[in-house]
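Undergrad: Predicted coordinates and the sequence they were generated for:
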Amino acid sequence: MSISRRDFLQLSSAGLITLACPFTGMSFSKPSQKKYLFLIELSGGNDGINTLIPLSQFNEIKKMRPNSFLNETLFKNTFYSNSGQEIAFNPYLSDLASLHSQGNLIPILGIGVKDSQSSLSHFHQIKTWEKGSSVHSHQGWISEVHNHFQLNHTGPLGTVLGSNEHGVLSGQENKSLVINQLQSFLKFQKQIKELPPQHMDPKLRELNKFIADLDLSFDSLSDLNKVEFNDTKFSQDIKTALSLISNKETHIPVFKIKTGGFDTHKELLTRHQGLMTNLNDGLKSLVDGLKALGIFEDSLIMTYSEFGRRAYENNSNGNDHGTSGVQFLIGGSLSKKVFGHYPDITKWDKRKNIETNLDFRKIYASILNDFLEVDLMTSTPLIADRYHLLKEYYDNTYSLT
């Protein structure tokens, strides 16, 4: 049996792509400390107002969303922003609320893309988040950092689950795995194992061996036996990520996991309950798994979505594409309680969107500088139009340490 290089690369949608070569220079990890970054895409544009609810503005919410506001008697877990605003967690995010009370979760308020007012299309805005700039290039922001700083890492740079798109890893297709459907990947792995060891392309031989040696059977994952995973694709993708991490032969520092359904143009209240439940349960499984593997202190989880949604409901009891939203940072070594502040939801721009007061690249800068230890402050030269790498975006207010 043989697989041509062309056929081999076309199978990426089933699950492959890569093996990295050694790099020199700065590193994603110290010799004794491996880091793990999880980027969780909430695909479709998550509604921030029903995710983290500003209680001082709840009367306005009820007026603007007469058919899609949450029952305030369900608000059990609240926190205060730096400006003294009381914010309630969505009642179906109880485990995330517990992580916040333990100091392991930072709510991010009023976050969005501050320099991109021309489009609220899904395609344009998700590329902006994943490229790290409204000036789109073929590089994802993780790839851009890797290429610019020549990070010292052997093995795959990252893994994408739940999608065929490399996204943040675009430009590193030969150094990242893509596993959209696990069963398809396992069939592909079986083909790889049947290849003769003397493949004509040395680079593919190395890659073949890596894929063939991956153990995704879960039979030997005793550390994860007590972690609960439900049957949703999001939860199963998280289980796959944890199984890859448990493989001691390699270190994959970046995982991008996509979960969809957040484009709530209709029936916001009913649909969002299921979305929040799925998000809560999946992230709890991820955190529990990281703790079971003993690496929660060295891990960071960030959720992101292409945009928020408008404050007022539409004629279908849903809401349309907006700007400002909320997101989460989760990790075992965080030191802050909240980032940003809630905008006034009654003040709209000319397009009827609420204010974005925190640019997403400030959070990227904190991840790079504080977690991945890529020194933005002293590194030169900087990449001219890759805004997330400009040291001006680093703000001590949003330091993770």
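TA: Happy to help now that I have it. What you see is a predicted model; the values in this text were computed from it and never measured.

Undergrad: Show me what the longest helix along the chain is packed up against.
TA: Ranked by residue count, the top helix of the chain under DSSP state H comes out as helix 268-292. Helix 268-292 sits against strand 36-42, helix 94-101, helix 233-246, strand 254-259, strand 299-304, strand 325-331, with contacts defined as 3 or more CB pairs under 8 Å, 6 or more residues apart in numbering; DSSP states H and E. Where you see a C-beta, it was placed from the backbone N, CA and C, and this is true even at glycine.

Undergrad: Compare those and give me the one nearest residue 108.
TA: strand 325-331 (4.5 Å; CB to CB).

Undergrad: Reformat the helices and strands packed on helix 268-292 as a markdown table; add mean pLDDT and distance to residue 146.
TA: Shown next, in a markdown table, are the helices and strands packed on helix 268-292 (pLDDT from 0 to 100; distance: least, CB to CB, whole Å):
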| stretch | mean pLDDT | distance to residue 146 |
| --- | --- | --- |
| strand 36-42 | 97 | 12 |
| helix 94-101 | 98 | 29 |
| helix 233-246 | 92 | 19 |
| strand 254-259 | 97 | 9 |
| strand 299-304 | 98 | 17 |
| strand 325-331 | 98 | 21 |
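
Undergrad: mind putting the ones you listed in JSON lines, mean neighbour count and distance to residue 129 included?
TA: Converted to JSON lines, the helices and strands packed on helix 268-292 look like this (neighbours: other CB atoms under 10 Å; distance: least, CB to CB, whole Å):
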{"stretch": "strand 36-42", "mean neighbour count": "23", "distance to residue 129": "8"}
{"stretch": "helix 94-101", "mean neighbour count": "18", "distance to residue 129": "21"}
{"stretch": "helix 233-246", "mean neighbour count": "22", "distance to residue 129": "18"}
{"stretch": "strand 254-259", "mean neighbour count": "24", "distance to residue 129": "11"}
{"stretch": "strand 299-304", "mean neighbour count": "23", "distance to residue 129": "5"}
{"stretch": "strand 325-331", "mean neighbour count": "25", "distance to residue 129": "10"}
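
Undergrad: follow-up on the earlier one: what angle sits between the longest helix of the chain and strand 36-42?
TA: Relative orientation of helix 268-292 with respect to strand 36-42: 170 degrees, computed using axes from the mean of the first three to the mean of the last three CA atoms, to 10 degrees.

Undergrad: tell me which residues in helix 268-292 are buried?
TA: 268-269, 271-272, 275-292 (16 or more other CB atoms under 10 Å).

Undergrad: about what we covered before: could the helices and strands packed on helix 268-292 go into TSV alongside distance to residue 319?
TA: Converted to TSV, the helices and strands packed on helix 268-292 look like this (distance: least, CB to CB, whole Å):
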stretch	distance to residue 319
strand 36-42	15
helix 94-101	22
helix 233-246	23
strand 254-259	19
strand 299-304	19
strand 325-331	12
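
Undergrad: Figure out which of those is closest to residue 368.
TA: Of those, the one closest to residue 368 (CB to CB) turns out to be strand 36-42, at 9.9 Å.

Undergrad: Could you name the helices and strands sitting against the helix or strand just after the closest one?
TA: Reading on from strand 36-42 to the C-terminus, the next helix or strand found by DSSP states H and E is strand 52-54. Using 3+ CB pairs under 8 Å, 6+ apart, the elements in contact with strand 52-54 are strand 86-89.

Undergrad: residues of the strand it packs on that come out buried?
TA: Applying 16+ other CB under 10 Å to strand 86-89 flags 87, 88, 89 as buried.
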